[in-house]
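Novice: Could you look at this predicted model? Sequence included:
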Amino acid sequence: VSDELHARISRLGRQLSNWGRWGPADELGTLNHITTERRRAAAALVETGEAISLAIPLDESGPQPPFERRLNPRHVMLETGTDVRSGVQEGGVGGAGWADDMVTMALQAGTHWDSLAHCFHDQRMYNDRDCALVNANGAQANAITPACDRIIGRGVLADLGAVGSQPVKPGHPIGSELIRECLEREGVQPFAGDILLLRTGHMARFPAGKGWKGFTHSAEAGLDIEALPWINETKFAAVAADNWAVEVIADGANPAAVPLPVHAVAIVYMGLFLGEIFDLEALAATCREKRRYEFLLVATPLPFSRAVGAPVNPIAIF
Ligand code: UVW
């Protein structure tokens, strides 16, 4: 990160800081905007009960490239029906038996939420905590677990990749104006506590069965740092997108050199939850068909203790 960008992050971070806003012990950040009242209002949006998953499949052919430390899920069987068939399962009698399995994966490999311990700036993390609190034993503060019963509220989809809307090409910065225009076109009035879903069109370029090569570490349209004051002011509880970084990546060719200023300001200073690799294709199709871009969203992360992020199977319910 250049000195200039570092200074810009610090300046904007101080301006948008939510440190102390919900008390010195707070680990929820902007999830505090989802009140029980807002959650009840979101539940009242359910009409037909139709449910759509926004998760990508968890398997070894996931979007993480081979050089990435973030391992795609590896699924291994511990007990199988073939054990039962061949009579080798311990305790198996008369054809009765069971199957068990396990997975090894990076918690950020697929559809996931970042916790507030995922990013640091000037060696601090959200609510003015020392980055060294994230150590070999995991996150001693700002872990993902406090969010596990929180991310349930009104989801609103900004379908920026929709045919007919202003196209957002890879590397295109998505500012507040673009999102506001899009929501207005869709008839959505954003409220405090909303979970904003940004469909940039990035995932649409990697249809199922065609492989994920180039999905990560490549240029992508995404959130511009300029949008953060509006996001803070509107009191969005979380922002998730159909790309690998939420934020705009102008040139992802050199992963080590990719600065993530939105991550720094949003996660460290605002305490904003960011979600990545959300599959918004089926959701967008349904929204277009129903001409309705708001729904109940249940997107609670898995409760991995001391984790700095966690996989999620977000469900939009109409
Ligand atoms: C990227 O991989 C760019 O984002 P995150 O670290 O938030 O998952």
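Specialist: That came in fine, so what should we check first? Nothing here was measured: the structure is a model prediction, and the numbers come from that model.
Novice: Tell me which residues touch Ala192, please.
Specialist: By CB atoms under 8 Å, 6 or more residues apart in numbering, the contact list for Ala192 reads 33, 38, 234-235. For glycine as for every other residue, the C-beta is placed from the backbone atoms N, C-alpha and C.
Novice: For the nearest residue to Ala299 once chain neighbours are set aside, give me its contacts.
Specialist: Excluding the flanking residues, the one nearest Ala299 by CB to CB, 6 or more residues apart in numbering is Pro314, at 3.6 Å. By CB under 8 Å, 6+ apart, Pro314 lies in contact with 53-55, 111, 155, 240, 275, 278, 297-299.
Novice: If any of these are buried, give me the ChimeraX selection for them.
Specialist: Buried members of the contacts of Pro314, defined by 16 or more other CB atoms under 10 Å, are picked up in ChimeraX with:
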select :54,55,111,155,240,275,278,297,298,299
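Novice: With pLDDT, distance to the ligand and secondary structure as extra columns, can I get the contacts of Pro314 in TSV?
Specialist: Below are these laid out as TSV (pLDDT from 0 to 100; distance: CB to the nearest ligand atom, whole Å; DSSP: H, G, I helix; E, B strand; the rest coil):
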residue	pLDDT	distance to the ligand	secondary structure
Ser53	98	20	strand
Leu54	98	16	coil
Ala55	98	15	coil
Thr111	98	11	coil
Gly155	99	20	strand
Ala240	98	11	strand
Gly275	98	9	strand
Phe278	98	12	coil
Leu297	99	19	strand
Val298	99	21	strand
Ala299	99	16	coil
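Novice: can you give me the strands for the stretch 101-250 of the chain?
Specialist: Ranges of strands in the stretch 101-250 of the chain, per DSSP state E, counting those that start in this stretch, are 112-114, 124-125, 129-130, 134-135, 138-139, 152-159, 173-174, 195-199, 222-223, 238-241.
Novice: what's the burial count for the closest residue to Gly201 other than its chain neighbours?
Specialist: In this structure, Gly201 finds its nearest non-sequential neighbour in Gly161, 2.5 Å apart by CB to CB, 6+ apart. Gly161 has 22 neighbouring residues, counting by other CB atoms under 10 Å.
Novice: before we move on, back to that, between the contacts of Ala192, which has the most around it?
Specialist: Busiest of the contacts of Ala192 [other CB under 10 Å] is His33, holding 21 neighbours.
Novice: so what's that residue up against?
Specialist: 192-193, 235-237.
Novice: and those, which of them are in helices?
Specialist: Using DSSP state H to define helices, no part of these is located there.
Novice: can I get those residues in CSV with pLDDT?
Specialist: Formatted as CSV, the contacts of His33 follow (pLDDT from 0 to 100):
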residue, pLDDT
Ala192, 98
Gly193, 98
Lys235, 98
Phe236, 98
Ala237, 98
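Novice: On the strand side of things, show who Leu274 bridges to.
Specialist: Val239 (DSSP bridges).
Novice: okay, which residue is most central for this structure?
Specialist: Gly275 (1.0 Å; CA atoms, centre = their mean).
Novice: So it versus Gln15, what's the distance?
Specialist: 24 Å (CB to CB, to the nearest Å).
Novice: can you pull the contacts of the residue in the chain that the ligand sits nearest to?
Specialist: Nearest residue of the chain to the ligand, counting by CB to the nearest ligand atom: Ala245, 3.4 Å away. Residues near Ala245 by CB under 8 Å, 6+ apart: 220, 222, 258, 260, 263, 276.
Novice: Please apply the same query to Gly81.
Specialist: Gly81 touches 97, 99, counting by CB under 8 Å, 6+ apart.
Novice: Can you read off the pLDDT for it?
Specialist: At Gly81, the model reports a pLDDT of 96.
Novice: what's the answer for Asp3, then?
Specialist: 87.
Novice: So what's the residue count around it?
Specialist: Count around Asp3 with other CB under 10 Å applied: 7.
Novice: Could you do Phe304 as well?
Specialist: Neighbours around Phe304, by other CB under 10 Å: 17.
Novice: Please apply the same query to Thr286.
Specialist: Count around Thr286 with other CB under 10 Å applied: 17.
Novice: Name the nearest residue to Ile315, ignoring sequence neighbours.
Specialist: Val298 (4.8 Å).
Novice: What parts of the protein come near the ligand?
Specialist: 108, 114, 118, 244-245, 260, 263, 276 (CB under 6 Å from any ligand atom).
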